[in-house]
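>>> Quick one, structure for this:
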Amino acid sequence: MLVVSRQLIERISEHVQKAYPEEGAGFLIGDEGEVKEILALPNAREDAARHNRFLITPEEYLKAELTADSLGLSLIGVFHSHPDCPNVPSEYDREWAQPFFSYIITRVDNGKAVSHRSWRLVEDRSKYDEEEIQIF
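This is a model prediction of the structure:
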């Protein structure tokens, strides 16, 4: 289970709605399955692919690691949006994912965040299992 405050879910929604019709993304920072902060990122993907792909640069990854360290926390996952399509991981998502991270995917229809689902890649990288999100 992934625990996230309503305030952080709202911040994720705001970020991915602003990114629409492109994918928006960022990091989940926390510990022991609880998201305590997010780090919203620009989509570094080339313009033509941003509508269905996101890219986090190595520099942004380092920034996120340093931010988490400064808070005494860890990177525990990634969030991103699926504009106008189901919020289930794609094959592309699976190829780039890391086991042990939580992946919140937000469905954004016509510019409005409509649902959030979280997924974890199994250790052998063959598939995702959905994990419950507890919003408080």
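
>>> Contact partners for the residue nearest to Lys18 when sequence neighbours are not counted?
Spatial nearest neighbour of Lys18, excluding adjacent residues (C-beta to C-beta, 6 or more residues apart in numbering): Gly24 at 6.8 Å. Every residue, glycine included, has its C-beta placed from N, CA and C. Shown in contact with Gly24 (C-beta atoms under 8 Å, 6 or more residues apart in numbering): 15-18, 40, 43, 54, 80-81.

>>> Sitting in strands, which of the residues you listed do you find?
Counting by DSSP state E, the contacts of Gly24 place 40, 80-81 in strands.

>>> what's the closest of those residues to Ser90?
For the ones in strands among the contacts of Gly24, the residue nearest Ser90 by C-beta to C-beta is His80; the value is 10.5 Å.

>>> and after the helix or strand bottoming out on mean pLDDT in the chain, which helix or strand comes next?
When the helices and strands of the chain are scored by mean pLDDT, DSSP states H and E, helix 91-96 comes last with a mean of 88. Remark: after helix 91-96, the chain's next helix or strand is strand 102-109, criterion DSSP states H and E.

>>> Using PDB, write out the CA atom coordinates for that next one.
Extracted in PDB, the C-alpha atoms of strand 102-109 (Å, rounded to 0.1, in the frame of the first residue of the first chain):
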ATOM      1  CA  SER A 102       5.900   2.900  -6.700                       C
ATOM      2  CA  TYR A 103       4.500   4.400  -9.900                       C
ATOM      3  CA  ILE A 104       1.400   6.600  -9.600                       C
ATOM      4  CA  ILE A 105      -0.200   7.000 -13.000                       C
ATOM      5  CA  THR A 106      -2.900   9.700 -13.300                       C
ATOM      6  CA  ARG A 107      -5.500   9.600 -16.000                       C
ATOM      7  CA  VAL A 108      -6.100  13.100 -17.400                       C
ATOM      8  CA  ASP A 109      -9.200  13.400 -19.600                       C
END
